[in-house]
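Novice: return a 3D structure for these sequence lines:
(2 chains)
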Number of protein chains: 2
Amino acid sequence: MKNFVFHNPTKLIFGKETINEIGDEIKKCGIKKVLLHYGGGSIKNNGVYEKVLKSLKENNIEWVEVSGVKPNPRLSKVYEGIEVAKKNNVEGILAVGGGSVIDSAKAIAGGFYYDGDIWDAYSGKYFIKKALPLFTVLTISATGSEMNGNSVITKEETKQKWATSSKELYPKVSIIDPTAQFSLPLKQTVNGAVDAISHVMEYYFDGTKDTEIQDQIAEGIIRTVIFSTEKLLKDPKNYEARANLAWSATLALNGLLRAGSNGGDWASHALEHSVSALFDIAHGEGLAIIFPAWLEYVKNEYIEKFDRFAKEIFNIDTGNSAIDADLGLRVLKEWYKRIGQPVSLKEIGATEKDIERLVENAVQSSPMGKLKKLEEEEIREIYYIAFNNM
Amino acid sequence: MKNFVFHNPTKLIFGKETINEIGDEIKKCGIKKVLLHYGGGSIKNNGVYEKVLKSLKENNIEWVEVSGVKPNPRLSKVYEGIEVAKKNNVEGILAVGGGSVIDSAKAIAGGFYYDGDIWDAYSGKYFIKKALPLFTVLTISATGSEMNGNSVITKEETKQKWATSSKELYPKVSIIDPTAQFSLPLKQTVNGAVDAISHVMEYYFDGTKDTEIQDQIAEGIIRTVIFSTEKLLKDPKNYEARANLAWSATLALNGLLRAGSNGGDWASHALEHSVSALFDIAHGEGLAIIFPAWLEYVKNEYIEKFDRFAKEIFNIDTGNSAIDADLGLRVLKEWYKRIGQPVSLKEIGATEKDIERLVENAVQSSPMGKLKKLEEEEIREIYYIAFNNM
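Specialist: Residues are numbered from 1 along each chain as shown, chains lettered A, B, ... in the order given. Below is the predicted model of the structure:
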C-alpha cells in the first residue's frame, strides 16, 4: 500500500426529498447570489428545476442562469459562464445536472478568479488555486464529480478533451436525490454504470500491490453497480437500486479508492477522451469500447489481478489464471453488450482511417498509464483492438 | 437505504515516515501552541514521541504536556487537561496515542470552551458547539476516533462510561504511520481488530434493508481485518498487514458505514461500556464477550442478514438460514478465542452476582438498540448469555 492523503471536505446530502435543502445550505455558507448552471430541458421536465428555484427563493438567494451545457462540456460554454458570473458578481455557483454540468461549473468557478485563459488549467499551464464555492444537485450518477475536485472539458476547435484537478474544486455541498433519476433514459443510466465501473477499474488495475482493503471495496462497488443496473433495466423507478447505484458511483471516484493506490492508471480514460472528442458519443459508451481493449492489451502485466477480478466479480475460477483472466474480460464485454453498450469502434461508425486521427489526438496526452506506460505505438495497438472488438 | 448526510472534514495522512509532517500541518492551521496529550511510556519507547517533538520544534510550535491517559480514559484526567490548556492558553490539542488518548483530547477540546462541567456533554445535558482544533498521531488502530467526532469517557466515581459526539470534535489532521504499530503487544493489535469488526457489525446488524453497497463494504472490511490480523499474529512487523488493518479500522467508523443505515445498533457497545467500566478490561476484550452474546440474543430478528454474514465472512452456506446463522456466530466466537480473546464474563473473573451490577449500570443507558429495543429484562438476559458463553 502506498502512502496517501485522504481529505474530502464535500458535505454530501443523500436521499428522498433532499433537493429542497439546497437553498438553506447555500445560505449557511453566507452566499446570497449564485450562477445557476444546467444543461437542456430535462431538469424542467422532471421537476428538479422547480424544486431548486423554490428553495432558492425561500432562502432569499438570487440567481442568474447559464444553461445549455452539453455532454462532453464545451470550453465556449465555460467562457460564457465566466463572463456572466463576473458581470453579475455572483458569490457561488450552483450546478444542477450530471457530470458535464458540474465539470463545466468547476471550470467557471476556477476561471472566475484567473486572469488568463482557464483552458491553461486543462493544458497544464496553470494550477487552480482559488475558485468560487460550488454547490451541486446531481441528476445523473456517473462521473463522481459531485464529490471530487476533477473536471473534464472539451476545447471544440482543437478537439482536445482534457482534465484538471484541484482541492479548490470540491463542491461545498452536493445533494443526491435518487428519485430525480427515475425519469432518466435507460441509456443514460447504463452509461453512468459503465463510467462508475471504469473508475473503480482505473484504481484496481493500476499495478499497486497489497491493497486488500481497497480491492475488497472496489469489488464490492463493481458488484453493487452490476446488481443495481440489472434491477433498473427491469424497473427504472426502483428506489433502492437507484440509491445503491448512486452512492456506488460517488464512492467510485471520491478518493476512497485512490487511497493507497498508484493514483490510478487512467490510460483508458485518456484514450476514451479522444474517442468522445472526435465522435461526440457519451463517455460511458466510449469506456465500454476502450476499457475492455485496454484490459486485453495489458492483462499479462498483472495476470494475478485479472484472475482475481474474474473470480470476485463473475465467480470464474477454473484454476488457470490465464484462462480466468480471458473469461473475465469476455464476460465483462458480454455484460456491456447485454445492457446495450457498444464494444467496438466500428459500432459507432468509425472506419479504419479514423484510428490515425484517434492516435494523433491521444498522443498529445502520452506517455500515459501506470500499469503499462503507453506511447504512440501502444496507443495505436489498443485502438486497433477496440476497432476490431466484438 | 435511509437518507443520510456524509461529511467528514478530517485530513488523513497515511503511511511510512509521515509523523514528521505533524508540526507543519499544525503550523498551516495558524496554531503556535498546543497541549500535547498522551498516555504512558510506549510512545517514548517506540520513537514516536521523539519524532513528534522534532517536528514541533522544526515548525516553532510550543507545547505543554499532559500525559498519563489510561485505557478507558478518565474524566479526572480530562479535568486536568482542561485546566492546563486554559492556564497555558493553548490554541490546539495534539493527541499522540490510541483511541483513549484521542477521546480524552476531544473531551478537553470541548471542555476548553464550556463553562460548565464537560461531563454534561456525556450525560446528555450539553451538546458540544465549540472545541479547540484537534490533531492526532495514531499509535493503535482500533476505535476510529482519528477520523470521527466521537468520544467515550469514564467517570470513575460513578463507573459511568458514556459517549458524546459532535461535528466540532473531528480532528483537523490525523496521521497514521503503520510502522508505529510494529512494536504493539499482540494483545493490543487483537483488541483493535475486534473493536474494528464490532464497529462494522453495529451498522451491519442495525436492521436497515436494501443497503447493498454498505453491506459489500462492511463485509470487505471484516474480511480484511481477519486476513490482516492472521498475518500479524505470525509477523507483527508485516507492513502491508499493519497498513490494511489500520485503514480498515479507520473506515469502520468514519461515517462510511453509517451512510444509509439506521445509525447503527450500538446496544453491544453500551453493554460493553458497563463491563469495561466495572472490570477495567480493554474495550476490545469486552466486545469479544458481549457482541457474540448480543448476536445470539437478537439473531431471529433478522435471520437473513445473519445468514448472509455467515456466507460472506466465513463461506458457510448449508442452504438453511437458521443453521448458517448459528454456525456463523460459532465460527466468529471460535476465531475470537483463537486470537486470544475472552468470550465469556466468567473468563474475566465475573461472578453471577456481578450480573446485577452490570444490569444496574447499563440500564442507565436504556432503552438501547435499533434491531431490537433492549430494556432491563433483555439486558439481563444478554449478560447471562455472555456469562455462560463458551
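
Novice: what segments of chain A are strands?
Specialist: A:4-6, A:11-14, A:33-38, A:62-66, A:92-97, A:134-138, A:150-155, A:160-165, A:173-176 (DSSP state E).

Novice: distance to residue B:63 and mean neighbour count for those strands - can I get that in TSV?
Specialist: (C-beta placed from N, C-alpha, C; glycine too.) Formatted as TSV, these follow (distance: least, C-beta to C-beta, whole Å; neighbours: other C-beta atoms under 10 Å in any protein chain shown):
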stretch	distance to residue B:63	mean neighbour count
strand A:4-6	24	19
strand A:11-14	32	22
strand A:33-38	43	25
strand A:62-66	48	17
strand A:92-97	39	28
strand A:134-138	38	29
strand A:150-155	38	23
strand A:160-165	36	20
strand A:173-176	36	25
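
Novice: quick one, phi psi at residue A:117?
Specialist: Main-chain torsions, residue A:117, degrees, to the nearest 10: phi -90, psi 120.

Novice: same check, this time on residue A:371
Specialist: The phi/psi pair for residue A:371 (degrees, to the nearest 10) is phi -60, psi -40.

Novice: how about the strands of chain A in CSV, adding mean pLDDT?
Specialist: Formatted as CSV, the strands of chain A follow (pLDDT from 0 to 100):
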stretch, mean pLDDT
strand A:4-6, 98
strand A:11-14, 98
strand A:33-38, 98
strand A:62-66, 98
strand A:92-97, 98
strand A:134-138, 98
strand A:150-155, 97
strand A:160-165, 95
strand A:173-176, 98
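
Novice: now do the residue lying closest to residue A:78 once chain neighbours are set aside against chain B, distance only.
Specialist: Once flanking residues are discounted, residue A:78 sits nearest to residue A:107: 4.2 Å by C-beta to C-beta, 6 or more residues apart in numbering or on different chains. Using C-beta to the nearest C-beta, to the nearest Å, we find residue A:107 at a distance of 25 Å from chain B.

Novice: please apply the same query to residue A:359.
Specialist: Residue A:359 sits 38 Å away from chain B, going by C-beta to the nearest C-beta.

Novice: name the nearest residue to that residue, sequence neighbours excluded.
Specialist: In space, residue A:359 is closest to residue A:380, 5.0 Å off (C-beta to C-beta, 6+ apart).

Novice: count of neighbours near the one you found?
Specialist: Residue A:380 has 17 neighbours, counted by other C-beta atoms under 10 Å in any protein chain shown.

Novice: what does the stretch 151-300 of chain A put close to chain B?
Specialist: The stretch 151-300 of chain A comes close to chain B at residues A:209-213, A:216-217, A:219-221, A:223-224, A:227-228, A:240, A:243-244, A:247-248, A:251, A:256, A:259-260, as judged by C-beta under 8 Å from any C-beta of the partner chain.

Novice: what's near enough to touch the residue nearest to residue A:78?
Specialist: For residue A:107, the contact set (C-beta atoms under 8 Å, 6 or more residues apart in numbering or on different chains) comprises A:73, A:75, A:78, A:81, A:118, A:121, A:122, A:151, A:153, A:164.

Novice: from memory the fifth one sits against residue A:76, does it?
Specialist: No: with the criterion set as C-beta atoms under 8 Å, residue A:118 and residue A:76 do not qualify as a contacting pair; they are 11.8 Å apart.

Novice: more neighbours: which of those two?
Specialist: residue A:118 (25 against 12).

Novice: nearest residue to the more buried one other than its sequence neighbours?
Specialist: residue A:111 (3.4 Å).

Novice: what about the one you found, distance to chain B?
Specialist: Residue A:111 sits 26 Å away from chain B, going by C-beta to the nearest C-beta.

Novice: circling back to that earlier point, out of the strands of chain A, which comes closest to residue A:194?
Specialist: strand A:150-155 (15.7 Å; C-beta to C-beta).

Novice: who does that closest one touch, helix- and strand-wise?
Specialist: Judged by 3 or more C-beta pairs under 8 Å, 6 or more residues apart in numbering or on different chains; DSSP states H and E, the packing partners of strand A:150-155 are helix A:75-87, helix A:99-111, helix A:119-123, strand A:160-165, helix A:267-279.

Novice: which residues sit against the first one?
Specialist: Going back to what we said before, that points to helix A:75-87. A:35, A:37, A:64, A:66, A:68-70, A:93, A:104-105, A:107-108, A:111-112, A:118-119, A:132, A:153-156.

Novice: now do 7 Å
Specialist: Contacts with helix A:75-87, where a contact means C-beta atoms under 7 Å, 6 or more residues apart in numbering or on different chains, come from A:35, A:37, A:64, A:66, A:68-69, A:104, A:107-108, A:111-112, A:118-119, A:153-156.

Novice: what's near enough to touch residue A:272?
Specialist: Taking C-beta under 7 Å, 6+ apart as the test, what residue A:272 contacts is A:283, A:286, A:287, A:290.

Novice: just residue A:283 next, same as before
Specialist: Neighbouring residues of residue A:283 by C-beta under 7 Å, 6+ apart: A:195, A:272, A:276.

Novice: 6 Å instead, please
Specialist: Going by C-beta atoms under 6 Å, 6 or more residues apart in numbering or on different chains, residue A:283 touches residue A:276.

Novice: local confidence estimate at it?
Specialist: Note for residue A:283: predicted pLDDT of 94.

Novice: how about residue A:40?
Specialist: pLDDT, read off for residue A:40, is 88.

Novice: which phi and psi does the residue nearest to it when sequence neighbours are not counted have?
Specialist: Nearest residue to residue A:40 in three dimensions, chain neighbours excluded: residue A:68, at 7.0 Å (C-beta to C-beta, 6+ apart). Phi and psi for residue A:68, reported as degrees, to the nearest 10, are phi 90, psi 20.

Novice: count of residues packed around residue A:68?
Specialist: 14.

Novice: state the distance from it to residue B:79.
Specialist: Taking C-beta to C-beta, to the nearest Å as the measure, residue A:68 falls 62 Å from residue B:79.

Novice: how far is stretch A:337-350 from where the chain is centred?
Specialist: Its chain's average C-alpha position is 19 Å from that of stretch A:337-350, according to C-alpha atoms, centre = their mean, to the nearest Å.

Novice: same check on stretch A:241-249?
Specialist: Between the centre of stretch A:241-249 and the centre of its chain there are 14 Å (C-alpha atoms, centre = their mean).

Novice: show me what contacts the residue positioned nearest the centre of chain A?
Specialist: The structure's chain A has its C-alpha centroid closest to residue A:143; by C-alpha atoms, centre = their mean the separation is 2.3 Å. By C-beta under 6 Å, 6+ apart, the contact list for residue A:143 reads residue A:99.

Novice: 7 Å instead, please
Specialist: Applying C-beta under 7 Å, 6+ apart to residue A:143 gives the contacts A:99, A:195.

Novice: mind checking the longest helix of chain A?
Specialist: What stands out as the longest helix in chain A, according to DSSP state H, is helix A:212-234.

Novice: what comes up buried for that one?
Specialist: Buried residues in helix A:212-234, counted by 16 or more other C-beta atoms under 10 Å in any protein chain shown: A:212-229, A:231-233.

Novice: how close does residue A:336 get to chain B?
Specialist: 21 Å.

Novice: what is the burial count for the nearest residue to that residue once chain neighbours are set aside?
Specialist: Computed as C-beta to C-beta, 6+ apart, the closest residue to residue A:336 that is not its neighbour in sequence is residue A:288, at 4.5 Å. A total of 32 residues lie near residue A:288 under the criterion other C-beta under 10 Å.
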